[in-house]
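> need a structure here:
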Amino acid sequence: MNRVSLRRADSSRQLDLFSFVPAVLPRRQPAPAEAPLVLPFPERSIPPEPRPTDPTPIVAVPETAPFRILDRHKVGQGSLAQKCRDNLAALTLLKRLESEARTATHEERGVLVRYVGWGGLPQVFDERNPNWTEERTELLRLLSDDELRSARASTLNAHYTAAPVIRAMYAALEQFGFAGGRVLEPACGLGHFLGLMPEAMRERSTFTGIELDGLTTRLARALYPEADLRHSPFEEARLQPDSFDLAVSNVPFGDYRPFDPRFPRLLIHDYFFAAALAWVRPGGLIAFITSRGTLDKQDASLRELVAAQADLLGAIRLPNSAFKENANTEVTTDIVFLRKRLPGEATSGPSWRELAPAVNSVGESIPVNEYFAAHPDRMLGEMRLAGRMYRQQEPTLVSIGRDLSEQLAEVVRQLPSDCDHLVQLQQRLGDLRVQEEVPFDHAGRLAELAARQQELVGALDLTRNTGSPAAATGGEGQLDSASLVSTGLDGSHTVNWLK
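Numbers count the residues shown, from 1 in each chain. Next up, the predicted model:
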């Protein structure tokens with residue numbers, strides 16, 4: 001789930017950070033006379049919410065067309081009671097689809113996509129709370145014991161990403177020059193980063209999503225059956241190294257450290273950065289929403305680790321109210337954009353490893369990342385010692401009352417343009433990038449592919465300082481053939497090359 005973190009029964013675990021949605025249960029048909037009458041789930045006795053005129057025209061969509069999230073789906077909108085009803089409606093529909101072994105229609109996917117998880121609804125599981133007895137009873141009827149335990153565990157961290165934030169992230173990626181490719185979502189939740197991907201980009205992309213929670217994975221697969229969606233912790237995912245053009249996510253965050261022998265024991269949100277760099281190709285991009293701590297903590301070891309391999313393209317700090325409406329959570333978060341350097345490529349981009357003081361309008365001096373100290377306009381609010389969901393007097397970015405979508409659009413225009421040189425090369429060559437499985441003993445073929453890659457890369461100046469191909473390739477003017485080869489967990493080799 002794009003979330004904070006899901007804790008498994010045996011140890012703490014993550015589930016994505018934030019997101020989505022509501023819908024009223026479909027009207028049920030009367031049961032046959034000989035069958036016992038099944039009553040519809042009772043509505044809460046609350047005033048109806050006003051429904052503004054939907055500007056999105058409703059047009060017929062072919063059932064074979066990929067599902068896209070539109071304004072009329074009202075993802076992340078509604079009261080807590082409405083969101084609970086949306087969750088129950090989505091789970092009821094999922095169970096019916098699975099029992100009938102069929103694919104959801106587009107109309108049914110409009111019900112599934114309004115599922116918001118349980119991060120903002122912990123009271124549903126509180127047996128001492130009489131206000132949610134009806135919903136709790138229905139949930140117990142719908143879920144197995146294992147599913148119920150998983151749902152209950154997710155209440156601390158199952159939050160999803162607001163649509164305006166995802167759209168702004170894709171606007172920035174398009175501005176960087178990304179037009180499509182192999183996309184990895186390592187904490188995909190219900191798949192909002194796929195459902196909100198710009199149409200032209202989606203047509204030119206393949207999407208792989210990793211999700212910790214099994215029930216959420218099943219919902220996502222019902223929404224996007226064409227995508228490669230896997231139920232797995234990110235640290236156990238079987239992926240090809242250096243094979244993705246983009247990793248995009250709202251990563252989980254929390255005070256626990258997953259075990260992965262390839263990396264030091266990092267906090268969960270920091271771990272996602274380190275692991276993603278292993279799967280993204282040289283020249284590829286990373287766009288993550290993360291805890292403020294990734295950039296602002298005193299310990300700079302994670303920033304040093306990432307900066308040794310990637311350049312910062314830019315960052316945007318979101319106010320603590322950014323996810324209040326859709327996820328019922330208040331937390332200061334950052335959108336961080338990175339580009340993984342080519343072998344031998346010189347470091348570039350703004351400084352972002354150290355901290356610097358920022359003084360607010362009431363005279364409070366708060367240490368922030370040096371990038372934000374140099375670019376205070378990239379913080380969409382004012383830093384205050386205000387507090388957040390779990391702590392008081394914590395450095396917090398407080399909203400200044402402006403529309404978040406407008407602020408995001410303004411700050412995205414200030415980010416760099418056309419900075420991913422390999423994406424530019426990919427576009428100039430007509431997106432002819434292919435993959436070829438290579439046996440271990442085909443050294444001659446590897447050399448041929450490396451020479452072909454070098455010939456094409458030489459057509460584009462990849463250096464920013466000297467203009468010399470040698471500077472971009474480690475001083476010899478040649479790309480190491482080994483850098484073009486990815487070794488899979490099963491021992492297979494994959495070469496990414498331009499044909």
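> Specify the residue ranges that define each domain of the protein.
What automatic domain parsing lists as the domains of the chain is 163-412, 432-498.
> can you put the ones you listed in TSV and add mean pLDDT, mean neighbour count and distance to residue 144?
Where you see a C-beta, it was placed from the backbone N, CA and C, and this is true even at glycine. Output for these, formatted as TSV (pLDDT from 0 to 100; neighbours: other Cβ atoms under 10 Å; distance: least, Cβ to Cβ, whole Å):
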stretch	mean pLDDT	mean neighbour count	distance to residue 144
domain 163-412	92	20	9
domain 432-498	39	15	31
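> Would you format these as CSV with distance to residue 155 included?
Converted to CSV, the domains of the chain look like this (distance: least, Cβ to Cβ, whole Å):
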stretch, distance to residue 155
domain 163-412, 11
domain 432-498, 33
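> Would you mind saying which of those lies nearest residue 151?
Taking Cβ to Cβ, domain 163-412 is the member of those nearest to residue 151, at 6.9 Å.
> Quick one, which of the domains of the chain gets closest to residue 143.
Proximity to residue 143 (Cβ to Cβ) singles out domain 163-412 among those, at 7.7 Å.
> which residues does residue 250 bridge with?
Following DSSP bridges, residue 250 is listed with bridge partners residue 289.
> Relative to residue 119, how far out is it?
In this view, residue 250 and residue 119 are 12 Å apart by Cβ to Cβ, to the nearest Å.
> same question, residue 83
10 Å.
> Residue 205 too?
Separation of residue 205 from residue 119 (Cβ to Cβ): 28 Å.
> again, but for residue 201
Computed as Cβ to Cβ, the residue 201 to residue 119 distance reads 28 Å.
> Residue 331 now?
Relative to residue 119, residue 331 is positioned 11 Å away (Cβ to Cβ).
> Then residue 309?
For residue 309 relative to residue 119 (Cβ to Cβ), the value is 32 Å.
> got it, and residue 189?
10 Å.
> Where do the strands of the stretch 301-450 of the chain begin and end?
310-318, 333-340, 355-359, 365-369, 382-387, 392-398, 433-438 (DSSP state E, counting those that start in this stretch).
> Just put those in JSON lines and tack on distance to residue 136.
Shown next, in JSON lines, are those (distance: least, Cβ to Cβ, whole Å):
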{"stretch": "strand 310-318", "distance to residue 136": "33"}
{"stretch": "strand 333-340", "distance to residue 136": "31"}
{"stretch": "strand 355-359", "distance to residue 136": "45"}
{"stretch": "strand 365-369", "distance to residue 136": "42"}
{"stretch": "strand 382-387", "distance to residue 136": "31"}
{"stretch": "strand 392-398", "distance to residue 136": "31"}
{"stretch": "strand 433-438", "distance to residue 136": "49"}
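> For residue 271, grab phi and psi.
In terms of degrees, to the nearest 10, the main-chain angles of residue 271 are phi -60, psi -40.
> Give the full set of residues in contact with the residue nearest to residue 195 when sequence neighbours are not counted.
Leaving aside its sequence neighbours, residue 195 sits nearest to residue 69 (Cβ to Cβ, 6 or more residues apart in numbering; 3.8 Å). Shown in contact with residue 69 (Cβ atoms under 8 Å, 6 or more residues apart in numbering): 75, 113, 163, 192, 195, 196.
> hang on, isn't the third one packed against residue 76?
Meaning residue 163. Yes. Shown here, residue 163 and residue 76 form a contact pair, counting by Cβ atoms under 8 Å, at 6.7 Å.
> On the three-state scheme, the residue nearest to residue 195 is what?
Three-state call for residue 69 (DSSP: H, G, I helix; E, B strand; the rest coil): coil.
> Apart from its chain neighbours, what residue comes closest to residue 143?
Spatial nearest neighbour of residue 143, chain neighbours left out: residue 151 (6.4 Å); criterion: Cβ to Cβ, 6+ apart.
> what about that neighbour, distance to residue 252?
Here residue 151 is placed at a distance of 16 Å from residue 252 (Cβ to Cβ).
> need the helices for the stretch 251-400 of the chain, in chain order.
For the stretch 251-400 of the chain, the helices defined by DSSP state H, counting those that start in this stretch cover 268-279, 293-296, 301-307, 324-327, 370-374.
> Minimum distance to residue 410: which of the ones you listed has it?
So among those, helix 370-374 is nearest, using Cβ to Cβ, at 16.1 Å.
> of all the helices of the stretch 251-400 of the chain, which lies closest to residue 222?
Of all the helices of the stretch 251-400 of the chain, helix 324-327 comes closest under Cβ to Cβ, at 20.6 Å.
> Could you export stretch 128-144 as PDB, keeping only the C-alpha atoms?
The C-alpha coordinates for stretch 128-144 follow below in PDB (Å, rounded to 0.1, in the frame of the first residue of the first chain):
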ATOM      1  CA  ARG A 128     -15.200  -1.300  23.300                       C
ATOM      2  CA  ASN A 129     -16.400   1.200  20.700                       C
ATOM      3  CA  PRO A 130     -20.100   0.800  20.300                       C
ATOM      4  CA  ASN A 131     -20.300   3.400  17.400                       C
ATOM      5  CA  TRP A 132     -18.800   0.900  14.900                       C
ATOM      6  CA  THR A 133     -20.500  -2.300  16.000                       C
ATOM      7  CA  GLU A 134     -22.400  -2.800  12.700                       C
ATOM      8  CA  GLU A 135     -19.200  -2.200  10.600                       C
ATOM      9  CA  ARG A 136     -17.200  -4.500  12.800                       C
ATOM     10  CA  THR A 137     -19.800  -7.300  12.500                       C
ATOM     11  CA  GLU A 138     -19.800  -7.000   8.800                       C
ATOM     12  CA  LEU A 139     -16.000  -7.100   8.600                       C
ATOM     13  CA  LEU A 140     -15.900 -10.200  10.700                       C
ATOM     14  CA  ARG A 141     -18.400 -11.900   8.400                       C
ATOM     15  CA  LEU A 142     -16.300 -10.900   5.300                       C
ATOM     16  CA  LEU A 143     -12.800 -11.800   6.300                       C
ATOM     17  CA  SER A 144     -11.000 -15.000   7.400                       C
END
